[in-house]
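Engineer: Could you work out the structure for the sequence below:
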Amino acid sequence: MPREDLQLLQGTLDVLVLKTVSWGPRHGYEIAQWIKATTDAELQVEDRALYVSLHRMEERGWLACAWGLTEKNRKAKYYELTAEGRRQLATKTDTWSRYAAAVFKVLQTA
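Structural biologist: Numbers count the residues shown, from 1 in each chain. Sure, this is the predicted structure:
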């Protein structure tokens with residue numbers, strides 16, 4: 001049976017990105033690769049969607065950024081959580097957990 005592509009639901013990407021940078025600064029490619037690896041390639045983030053999300057969260061004050069060099073000595077913008085970003089991660093994690101639990105209640109009904 002072929003595997004269906006899983007599309008990220010609206011609002012999901014932000015919480016995934018916030019979680020990804022919760023352990024420290026990462027650049028965009030690292031963020032996308034971590035999400036892909038952590039989900040066993042079930043979720044793959046498109047570049048455009050990722051950078052729209054990163055810029056939106058930066059404008060909202062959830063992420064701070066600074067230029068740095070990658071492990072391959074390339075210039076990249078590194079993103080990290082702000083205090084407000086940590087609050088948003090906690091709020092969004094709670095909301096997503098409640099949402100997922102409610103969906104599973106419906107799906108597991110005999």
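Engineer: For K75, give me its contacts.
Structural biologist: By CB atoms under 8 Å, 6 or more residues apart in numbering, the contact list for K75 reads 67-69. To be clear about C-beta, it is placed using only N, CA and C from the backbone, and glycine gets the same treatment.
Engineer: what would these look like in JSON lines with pLDDT and distance to A37?
Structural biologist: Formatted as JSON lines, the contacts of K75 follow (pLDDT from 0 to 100; distance: CB to CB, whole Å):
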{"residue": "W67", "pLDDT": "96", "distance to A37": "25"}
{"residue": "G68", "pLDDT": "95", "distance to A37": "21"}
{"residue": "L69", "pLDDT": "92", "distance to A37": "22"}
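Engineer: tell me which of those residues is nearest to R86?
Structural biologist: Nearest to R86 among the contacts of K75: G68, at 21.1 Å, using CB to CB.
Engineer: Now the helix ranked longest in the chain: buried residues?
Structural biologist: In the chain, taking DSSP state H as the definition, the longest helix is helix 83-107. Neighbour-count burial for helix 83-107, counted by 16 or more other CB atoms under 10 Å, picks out 85, 88-89, 92, 96.
Engineer: ditto for stretch 65-81
Structural biologist: 65, 76, 78-79, 81.
Engineer: about what we covered before: so can I have JSON lines of the buried residues of helix 83-107 showing pLDDT?
Structural biologist: JSON lines is the format used below for the buried residues of helix 83-107 (pLDDT from 0 to 100):
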{"residue": "G85", "pLDDT": "98"}
{"residue": "Q88", "pLDDT": "96"}
{"residue": "L89", "pLDDT": "97"}
{"residue": "K92", "pLDDT": "93"}
{"residue": "W96", "pLDDT": "91"}
